[in-house]
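Colleague: Give me a model of this one.
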Amino acid sequence: MLPGFLLSLREGFEMALVIGILLGALGKLKRSELRPTVWAGALSAGLASLVTALILYRLGAALEGKAEQLFEGLTMLLAAGLLTWMIFWMARQGRRIKSELEAGVSQATLRGGQQALFFVAFLAALREGIELALFLVAATFATNALLTLGGAVLGLVTAAALGWLLFQSTLRLDMRLFFLVTGGLLILFAGGLVAQGVHELIEAGWIPAIVENLWNTNLVLNEDGLAGQLLKALFGYNGNPSLTEVLAYFTYLAVILSGLLYSRVRTLAPLKPENRT
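Modeller: Predicted coordinates:
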């Protein structure tokens, strides 16, 4: 349940921010009559994302044996890759989202009215929705489907409530801290998806295990127990992993953390003397 909640809370809150920015931009332009168009675009994106999730899930459920292992493994790796891209994208572009969305609303209302505004809202919300659909399908393969769905619903409700409170009251949420904490948890979750995806590909015979059962901690923390299942769902815990899984997990964490650190250093680096004015 917790992975579904965390993923839905993060993506749902981002979607709530997007909708709030679009509605706020219409208010500044004194075009409040176009607000239903924004909601229509966002709801259509949500429906398209739901259909995508159902198709992916049913496709995975229909497969058996090696085909199922390949599909689940590749889906997990794709979700981890998309999650990684999202984290880096937010680190680079997070500060520009509001101004870019407001500019898009302004251009849409001047250029094409309702139809153009609908597609601005639809495309902005669709990115979050498709990401969430893929993440939840991958999480479903790693844990119980009903628990993932329950966590997703709870996360979306919480995200909607936070978004409403943020825009309708004097609530001041420290969004930098929010995205920092959830981003850190999502990095660990993505690392777990990488390890589990690699495990499925090993089971399918696509890649070698190198060393099977590198260690066994099931006597101390059984992966089938309550705590083990929670850690498996969140961070890809495996009581007896292969060497390939371990290497994949720690290589992923090392690469993404190094990349984020490099991105942070570049952002904070002072301007070169010749670029100063």
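
Colleague: For stretch 78-91, report the contacting residues that lie outside it.
Modeller: 131, 134-135, 137-138, 179, 183, 186-187, 189-191, 193-194, 197, 252, 256, 259-260, 263-264 (C-beta atoms under 8 Å, 6 or more residues apart in numbering). (Each C-beta comes from the backbone N, C-alpha and C, glycine too.)

Colleague: Now a PyMOL select for only the buried ones of those.
Modeller: To isolate the buried members of those in PyMOL, using 16 or more other C-beta atoms under 10 Å:
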select buried, resi 131+134+135+137+138+179+183+186+187+189+190+191+193+194+197+252+256+260
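
Colleague: Now do the same contact list for the residue lying closest to Ser32 once chain neighbours are set aside.
Modeller: Nearest non-adjacent residue to Ser32, counting by C-beta to C-beta, 6 or more residues apart in numbering: Leu26, 6.0 Å away. For Leu26, the contacting residues are 32, 34-35, 38, 105, 109, by C-beta under 8 Å, 6+ apart.

Colleague: make it 7 Å
Modeller: 32, 34-35, 38, 105 (C-beta atoms under 7 Å, 6 or more residues apart in numbering).

Colleague: With Leu77 instead?
Modeller: Contacts of Leu77 (C-beta under 7 Å, 6+ apart): 194, 197.

Colleague: 10 Å - rerun?
Modeller: Listed by C-beta atoms under 10 Å, 6 or more residues apart in numbering, the contact partners of Leu77 are 138, 190, 193-194, 196-198, 200-201, 248.

Colleague: if you look at those residues, which of them are in helices?
Modeller: Secondary structure from DSSP state H places 138, 190, 193-194, 196-198, 200-201, 248 of the contacts of Leu77 in helices.

Colleague: And for Leu162, the neighbour number?
Modeller: By the measure other C-beta atoms under 10 Å, the count of residues near Leu162 is 18.

Colleague: Next: Leu83.
Modeller: Residues lying near Leu83 (other C-beta under 10 Å) number 25.

Colleague: Check which helix or strand it maps to.
Modeller: Assessed by DSSP states H and E, Leu83 sits inside helix 65-93.

Colleague: List the buried residues of that helix.
Modeller: Residues of helix 65-93 classed as buried: 68-77, 79-80, 82-84, 86-87, 91 (neighbour count, 16+ other C-beta under 10 Å).

Colleague: picking that back up, between the contacts of Leu26, which sits nearest Leu154?
Modeller: Val38 (25.2 Å; C-beta to C-beta).
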